[in-house]
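In: build me a model from this:
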Amino acid sequence: MSTNMEKERLIISGKREEVIASLREQAGMDEAYAEKWLDFLESDPSVLGDDEKFEQSLCMEEIEEGGDGGGFSLGLMMPKYNYYINIKAATVFLLSLIIDNKISFPAVSLGLAVRGMNRLVQKIEEDSGGKCILLELWRQPEKTGRADLLDRFKGECCNNHLSCRFRNEGECRCTCEDAAEILEKLADEGILIREGDTYRYDVIGSL
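Out: Numbers count the residues shown, from 1 in each chain. Below is the predicted model of the structure:
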């Protein structure tokens with residue numbers, strides 16, 4: 001396993017259990033949450049920026065009977081993944097906020113001045129719809145979006161794991177007007193940058 005912090009980035013390489021251990025050590029996550037965080041990135045790596053990487057490579061590992069290096073081979077191979085993660089430390093925290101608002105971090109994690117992240121957590125209310133809008137904007141190639149960001153889902157909730165006042169029995173009641181208000185509020189709070197009728201996410205600006 002390899003772990004490195006450089007210019008407020010988290011750089012990890014290794015097997016899944018090694019990555020989980022590193023997330024626990026470097027980001028203060030418990031094991032269950034680190035698993036959830038890694039699962040999220042596996043399923044949706046598009047949320048990362050162009051200068052961030054999440055890579056998986058399949059490898060085969062021999063199964064042994066017994067432990068502590070004293071076992072013997074069963075002649076069986078098990079598929080496992082090796083990971084390479086190189087992302088901004090701020091992204092670790094922002095994704096954590098989106099995945100589970102109950103997560104808490106130690107006062108110093110990943111070498112960040114976490115006070116900026118704590119302000120961000122306080123700005124996005126759990127039921128406001130802001131998390132959903134922000135997550136969908138992250139999923140866009142250019143990390144930009146407009147008030148019609150949710151139109152492509154045709155009224156279907158696109159982030160069921162989030163608590164949101166606009167969801168009613170699996171349907172999304174967030175209109176373009178609602179989305180525009182949310183985007184404007186996120187811009188006013190310094191989380192997004194307003195460019196005409198388009199809003200852009202800037203991880204540095206959000207701090």
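In: residue contacts, residue 201?
Out: Taking Cβ atoms under 8 Å, 6 or more residues apart in numbering as the contact definition, residue 201 lies against 134, 137, 138, 143, 144, 191, 192, 193. Every residue, glycine included, has its C-beta placed from N, CA and C.
In: give me the distance between residue 176 and residue 33.
Out: Residue 176 sits at a distance of 34 Å from residue 33 (criterion: Cβ to Cβ, to the nearest Å).
In: comparing those two, which residue is more hemmed in?
Out: Regarding residue 176 and residue 33, a neighbour count based on other Cβ atoms under 10 Å identifies residue 33 as having more, with 20 against 13.
In: so where's the longest strand in the protein?
Out: strand 72-88 (DSSP state E).
In: whichever strand or helix holds residue 93: how far from the chain's middle?
Out: Element membership of residue 93 [criterion: DSSP states H and E] is helix 89-99. Going by Cα atoms, centre = their mean, to the nearest Å, the spacing between the C-alpha centre of helix 89-99 and its chain's C-alpha centre is 5 Å.
In: domains of this protein?
Out: Here the domain assignment for the chain is 2-99, 124-201, based on automatic domain parsing.
In: which ones are touching the most centrally placed residue in the chain?
Out: Closest residue to the average C-alpha location of the chain: residue 95 at 2.7 Å, with Cα atoms, centre = their mean. Residues near residue 95 by Cβ under 8 Å, 6+ apart: 37, 40, 41, 47.
In: which two in those residues are spaced the farthest apart?
Out: Of all pairs drawn from the contacts of residue 95, the one with the largest separation by Cβ to Cβ is 37 and 47; the distance is 11.8 Å.
In: count the residues that sit near residue 98.
Out: Burial measure for residue 98: 20 neighbouring residues, criterion other Cβ under 10 Å.
In: against residue 80, how distant is it?
Out: In this structure, residue 98 lies at 28 Å from residue 80, with Cβ to Cβ as the measure.
In: also residue 167?
Out: Here the distance between residue 167 and residue 80 works out to 37 Å (Cβ to Cβ).
In: more neighbours, those two?
Out: Summary of the neighbour comparison: residue 167 and residue 80, criterion other Cβ under 10 Å, with residue 167 having more neighbours (19 against 13).
In: any stretches of the chain with poor pLDDT?
Out: For the chain, residues meeting the criterion pLDDT under 70 lie at 1-7, 64-75, 100-123, 126, 202-207.
In: with secondary structure and distance to residue 21 as new columns, can the contacts of residue 95 be given to me in TSV?
Out: Putting the contacts of residue 95 into TSV (DSSP: H, G, I helix; E, B strand; the rest coil; distance: Cβ to Cβ, whole Å) gives the following:
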residue	secondary structure	distance to residue 21
37	helix	13
40	helix	18
41	helix	16
47	helix	23
